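Visitor: starting from these lines, generate the structure:
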Amino acid sequence: MPKSWTIWLIGALMAIVAVAAQFAHPKPAPDLTFQLEAAIPRNFGDWRIDPDMVTIPPSPDAQAKLDKIYDQILTRTYVNSAGEHMMLVIAYGGDQSDSLKVHRQEVCYAAQGFGIRDIAPAVLTISGSEVPAVHMHAVKPRRSEPVTYWFTMGNHVVMGRAERLAMQIVYGLAGKIPDGLLVRVSSFSNDADAAYGAQTDFLRQLLAAVDEKTRLKLAGLR
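Guide: Predicted coordinates:
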């Protein structure tokens, strides 16, 4: 689609969202029964939480931004029998309106001093379904971290601003503001392609280990 048409479409969607908000008076629709700590297993397949890995907290200003966007943040590092590690971050927000829209991970990593070597859309085949995602290779001295991530709104994976606005329209006309998730997996590797493959396999095992409600929230999969 030509860039001019993309800009026009986004503008039209924004106008529709504004009109829907005016007449429907949408309200956030958080799922108070959804608790990440309970929903995400500590052990699954060949993976278990590594108790020796200490999570480094974000800076105070970064934490303040996260607290504004998300209601729950789960951060874990898993290890398998081969000693390989996967870092998992899942963040849940009950209000994914435009004013509190999810933040792009390339911006988040860049703010932490990483250079973004490559970033590209990806399609992960999980449980016979296709899950749109983003592959990103973040680097800084003595650290190479390939990353796989996606966002959801209202149990649907959304790629880009136009899809997010379209989902806002659907919920806005029903008088609601959708909840949503960030799902991110990363690992340390100099071979980005191999890391992306290993991350996809990790996500397959994770999604196979959770219940249907959690799988729907994480990736829109039943």
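Visitor: list the contacts for residue 92?
Guide: Neighbouring residues of residue 92 by Cβ atoms under 8 Å, 6 or more residues apart in numbering: 34, 36, 70-73, 179-181, 217. Bear in mind the C-beta positions are built from the backbone N, C-alpha and C, glycine included.
Visitor: wait, a helix at residue 207?
Guide: Yes: per DSSP: H, G, I helix; E, B strand; the rest coil, residue 207 lies within a helix segment.
Visitor: tell me which helix or strand residue 61 sits in.
Guide: Secondary structure assignment for residue 61, by DSSP states H and E: helix 60-69.
Visitor: buried sites along that helix?
Guide: Neighbour-count burial for helix 60-69 flags 66, 69 (criterion: 16 or more other Cβ atoms under 10 Å).
Visitor: where does the chain dip in pLDDT?
Guide: Residue ranges of the chain with pLDDT under 70: 1-30, 54-60, 62, 96-103.
Visitor: bridging residues for the residue nearest the centre of the chain?
Guide: By Cα atoms, centre = their mean, the chain has its centre lying nearest to residue 182, at 2.2 Å. Note on residue 182: beta-bridge partners by DSSP bridges are residue 91, residue 151.
Visitor: shouldn't it be in contact with residue 90?
Guide: Yes: under the criterion of Cβ atoms under 8 Å, residue 182 makes contact with residue 90 at 6.9 Å.
Visitor: following the helix holding residue 61 in sequence, what is the next regular element?
Guide: Downstream of helix 60-69, the next assigned helix or strand under DSSP H and E is strand 72-80.
Visitor: from the contact counts, what lies against that following strand?
Guide: In terms of contacts (3 or more Cβ pairs under 8 Å, 6 or more residues apart in numbering; DSSP states H and E), strand 72-80 is packed against helix 36-39, strand 47-49, strand 85-93.
Visitor: name the surrounding residues that touch it.
Guide: Under the criterion Cβ under 8 Å, 6+ apart, residues 35-37, 40, 42, 46-50, 53, 55, 66, 85-92, 202 lie in contact with strand 72-80.
Visitor: ok, now with 7 Å
Guide: Strand 72-80 is contacted by residues 36-37, 40, 46-50, 53, 55, 66, 85-92 when judged by Cβ atoms under 7 Å, 6 or more residues apart in numbering.
Visitor: same deal with stretch 207-220?
Guide: Residues from elsewhere that reach stretch 207-220 (Cβ under 7 Å, 6+ apart): 34, 39-41, 44-45, 126-127, 131, 152, 155-157, 181, 183, 221-222.
Visitor: and with 6 Å instead?
Guide: 39, 41, 44, 126, 131, 155-157, 183, 221 (Cβ atoms under 6 Å, 6 or more residues apart in numbering).
Visitor: between the residues you listed, which sits nearest residue 140?
Guide: The closest of the contacts of stretch 207-220 to residue 140 turns out to be residue 183 (Cβ to Cβ; 23.2 Å).
Visitor: buried residues, stretch 158-166. List them.
Guide: Residues of stretch 158-166 classed as buried: 158, 162-166 (neighbour count, 16+ other Cβ under 10 Å).
Visitor: stretch 133-145 now?
Guide: Under 16+ other Cβ under 10 Å, the buried positions of stretch 133-145 are 133-139, 144-145.
Visitor: quick revisit: reformat the buried residues of stretch 158-166 into JSON lines and put distance to residue 104 next to each item.
Guide: Shown next, in JSON lines, are those (distance: Cβ to Cβ, whole Å):
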{"residue": "158", "distance to residue 104": "12"}
{"residue": "162", "distance to residue 104": "15"}
{"residue": "163", "distance to residue 104": "14"}
{"residue": "164", "distance to residue 104": "11"}
{"residue": "165", "distance to residue 104": "15"}
{"residue": "166", "distance to residue 104": "18"}
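Visitor: nice, that's everything, thank you.
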